[in-house]
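Peer 1: Need a 3D model of the following:
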Amino acid sequence: MSWANYVKELQAGKVVKFRPKGNSMCPKINSGEQVTVSPNAEITVGDIVFCKVKGNFYVHLVKTIKDGRYLIGNNKGRENGWIGISQIFGKVTKVES
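Peer 2: Reported below is the predicted structural model:
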């Protein structure tokens with residue numbers, strides 16, 4: 001399934017599961033581990049979210065929340081940028097091998 005299809009499913013209120021690749025979220029999420037993403041969850045600093053920043057989809061951390069905007073970054077200290085809530089599609093609620 002494509003990222004766009006996951007977004008559609010989440011926007012329809014459905015929970016999705018997929019296996020993101022990459023090491024930027026280690027050890028919180030290792031490459032290829034299955035994540036469960038739930039829509040309509042309250043988002044707080046430290047949560048891992050499925051989002052879109054500057055045209056790219058990420059499963060990354062919420063680093064800061066300020067004035068209704070969210071700073072997204074990985075678990076290695078890199079920041080992707082600021083986004084609005086409409087660019088956060090869901091919250092990671094479970095990580096499995």
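
Peer 1: Just the buried positions in the lengthiest strand in the chain, please.
Peer 2: The longest strand of the chain (DSSP state E) is strand 56-66. By neighbour count with 16 or more other C-beta atoms under 10 Å, strand 56-66 contains the buried residues 57-63. The way it works is simple: take the backbone N, C-alpha and C, and place the C-beta from them, glycine included.

Peer 1: I'd like those written out as CSV, with pLDDT and distance to residue 84 added.
Peer 2: Shown next, in CSV, are the buried residues of strand 56-66 (pLDDT from 0 to 100; distance: C-beta to C-beta, whole Å):
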residue, pLDDT, distance to residue 84
57, 97, 16
58, 97, 15
59, 98, 18
60, 98, 15
61, 98, 17
62, 98, 13
63, 98, 15
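
Peer 1: Just the closest of these to residue 95, please.
Peer 2: When those are compared for distance to residue 95 (C-beta to C-beta), residue 59 comes out closest, at 9.7 Å.

Peer 1: isn't the closest one right next to residue 92, touching?
Peer 2: Yes - Residue 59 is within contact range of residue 92, at 6.3 Å (criterion: C-beta atoms under 8 Å).

Peer 1: okay, and the common contacts of those two?
Peer 2: Common neighbours of residue 59 and residue 92 (criterion: C-beta atoms under 8 Å, 6 or more residues apart in numbering): 29, 35, 37, 48-50.
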